[in-house]
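Engineer: what follows is a predicted structure for the sequence shown.
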Amino acid sequence: MRKLKNTKKITLKYLKEVDACESGVKWWIRKGRPACPIKTITLLIQDNELNDANWITSRLLSRKNRIRYAVFAAEQVLHIFEKKYPSDKRPREAIEAAKVVIKEDNAKNKAAAAYAAAYDAHAAAYAHAAYAAAYAYAAYDAAHAAAYAYAAHAAAYAARKDLKLKILEYGIKLLEEDK
């Protein structure tokens, strides 16, 4: 079992605050109400509840790590979009904009740029969920990244299980880094 550095615990109150679905809350109760986020995520993975594992991961991460998680997941599916639309560079540009948000001290201005890039990418990628996930997941303001993390992972649902597990493993690594 990995040790989590941050002090966030999963409680019934927390699950209600983040609008967890009823079936997810019932699952958590059946599993003995594990308070440790990594234990909860590990149990979800063992039960093949990968979408729920991604959902809770994206809500537990710090703002910066939500963006990092979003960028990582978007990069995993970017090739799908680029194969179908090789001349459309907006999703890749949105990912790059999100990377700037991570690096820059003045995140507010950069987040606005990332939001604009995400909006443009959305117009191009709307027709295909994986593509929409690739841009929005990567570039939107970190305050909304958790929602897009779920959307991107859901878009990857049709992909191989190992891809989903790779994304979740990265999310667990980021949770371990959060203080």
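Structural biologist: Perfect, thanks for sending it.

Engineer: quick one, what contacts Lys13?
Structural biologist: For Lys13, the contact set (C-beta atoms under 8 Å, 6 or more residues apart in numbering) is empty. Glycine gets a C-beta too; all of them are placed from N, C-alpha and C.

Engineer: host element of it?
Structural biologist: Using DSSP states H and E, Lys13 maps to helix 12-17.

Engineer: continuing past that helix, what's the next helix or strand?
Structural biologist: That would be, after helix 12-17 and using DSSP H and E, helix 22-30.

Engineer: okay, buried residues for that next one please.
Structural biologist: Within helix 22-30, the residues scored as buried using 16 or more other C-beta atoms under 10 Å are 24, 27-28.

Engineer: how about it as PDB, C-alpha atoms only?
Structural biologist: Provided in PDB are the C-alpha atoms of helix 22-30 (Å, rounded to 0.1, in the frame of the first residue of the first chain):
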ATOM      1  CA  GLU A  22     -25.300   7.200  -5.400                       C
ATOM      2  CA  SER A  23     -23.900   4.000  -6.800                       C
ATOM      3  CA  GLY A  24     -20.300   5.200  -6.000                       C
ATOM      4  CA  VAL A  25     -21.200   6.100  -2.400                       C
ATOM      5  CA  LYS A  26     -22.900   2.700  -2.000                       C
ATOM      6  CA  TRP A  27     -19.800   0.900  -3.400                       C
ATOM      7  CA  TRP A  28     -17.600   2.900  -0.900                       C
ATOM      8  CA  ILE A  29     -19.800   1.900   2.000                       C
ATOM      9  CA  ARG A  30     -19.800  -1.800   0.900                       C
END
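
Engineer: quick one: the helices in this structure?
Structural biologist: 12-17, 22-30, 37-46, 50-60, 63-84, 90-103, 107-125, 129-139, 145-155, 161-177 (DSSP state H).

Engineer: least confident of these, on average?
Structural biologist: Confidence, taken as mean pLDDT, is least for helix 129-139 of the helices of the chain (a mean of 43).

Engineer: ok, back up a step: same list, the buried residues of helix 22-30, but as a markdown table with distance to Lys164 please.
Structural biologist: Putting the buried residues of helix 22-30 into a markdown table (distance: C-beta to C-beta, whole Å) gives the following:
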| residue | distance to Lys164 |
| --- | --- |
| Gly24 | 17 |
| Trp27 | 18 |
| Trp28 | 20 |
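
Engineer: for those residues, which one is nearest Lys99?
Structural biologist: Gly24 (31.1 Å; C-beta to C-beta).

Engineer: can I assume the closest one is in contact with Trp55?
Structural biologist: Yes. Between Gly24 and Trp55 there is a contact under C-beta atoms under 8 Å: 7.4 Å.

Engineer: quick check: nearest residue in space to Arg33, chain neighbours excluded?
Structural biologist: In this structure, Arg33 finds its nearest non-sequential neighbour in Leu12, 7.4 Å apart by C-beta to C-beta, 6 or more residues apart in numbering.
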